[in-house]
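*Asks:* Sequence and computational prediction follow.
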Amino acid sequence: MITRLFLKRGGNLQICDGEMPAATVDLEREGFAHVPGALTAAEVEALAAEMSHLFDTTPPDVRLEGSTAEDYADFRYEALNHSALAQISVAHL
């Protein structure tokens, strides 16, 4: 697992061989983690609406040469930059 370590000399990630919380393992292995109770139903609904709006109004961020917007249709890498609710949700965890 990779853990965040804040160092004055620079660099902030390191490999950790120790035991990690299940959500951390899920996030690294699966790309997402289910954290029961982290958000209320109303917060999830509001975040879903904001993400739907983001997908409707923001084109995909095509990152690889030779790729098309269709290749990236399911992704909005910049969601955290464009969504105040996403920022609040991440900070909440």
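*Replies:* Okay, I see it. Residues are numbered from 1 along each chain as shown.

*Asks:* Give me the contact list for the longest helix anywhere in the chain.
*Replies:* Counting by DSSP state H, the longest helix found in the chain is helix 41-57. Identification of contacts with helix 41-57 by Cβ atoms under 8 Å, 6 or more residues apart in numbering yields 39, 76, 79, 82, 83, 84, 85, 86, 89. Bear in mind the C-beta positions are built from the backbone N, C-alpha and C, glycine included.

*Asks:* so how far is it off the chain centroid?
*Replies:* 14 Å (Cα atoms, centre = their mean, to the nearest Å).

*Asks:* Is there a quick ChimeraX command that grabs whichever of the contacts of helix 41-57 are buried?
*Replies:* ChimeraX command restricting these to the buried ones, with burial defined by 16 or more other Cβ atoms under 10 Å:
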select :39,76,79,83,85,86,89
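
*Asks:* what would the contacts of helix 41-57 look like in CSV with secondary structure?
*Replies:* Below are the contacts of helix 41-57 laid out as CSV (DSSP: H, G, I helix; E, B strand; the rest coil):
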residue, secondary structure
39, coil
76, coil
79, helix
82, helix
83, coil
84, helix
85, helix
86, helix
89, helix
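
*Asks:* re earlier: which positions in the longest helix of the chain come out as buried?
*Replies:* 47, 50, 51, 54.

*Asks:* do the same with stretch 58-72
*Replies:* Neighbour-count burial for stretch 58-72 flags 60, 72 (criterion: 16+ other Cβ under 10 Å).

*Asks:* what is the mean pLDDT for it?
*Replies:* Mean pLDDT, computed over stretch 58-72, is 88.

*Asks:* Save the buried residues of helix 41-57 as JSON lines, and put in distance to residue 72 and pLDDT too.
*Replies:* Converted to JSON lines, the buried residues of helix 41-57 look like this (distance: Cβ to Cβ, whole Å; pLDDT from 0 to 100):
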{"residue": "47", "distance to residue 72": "21", "pLDDT": "92"}
{"residue": "50", "distance to residue 72": "19", "pLDDT": "93"}
{"residue": "51", "distance to residue 72": "15", "pLDDT": "92"}
{"residue": "54", "distance to residue 72": "14", "pLDDT": "91"}
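
*Asks:* I appreciate the help and will end here.
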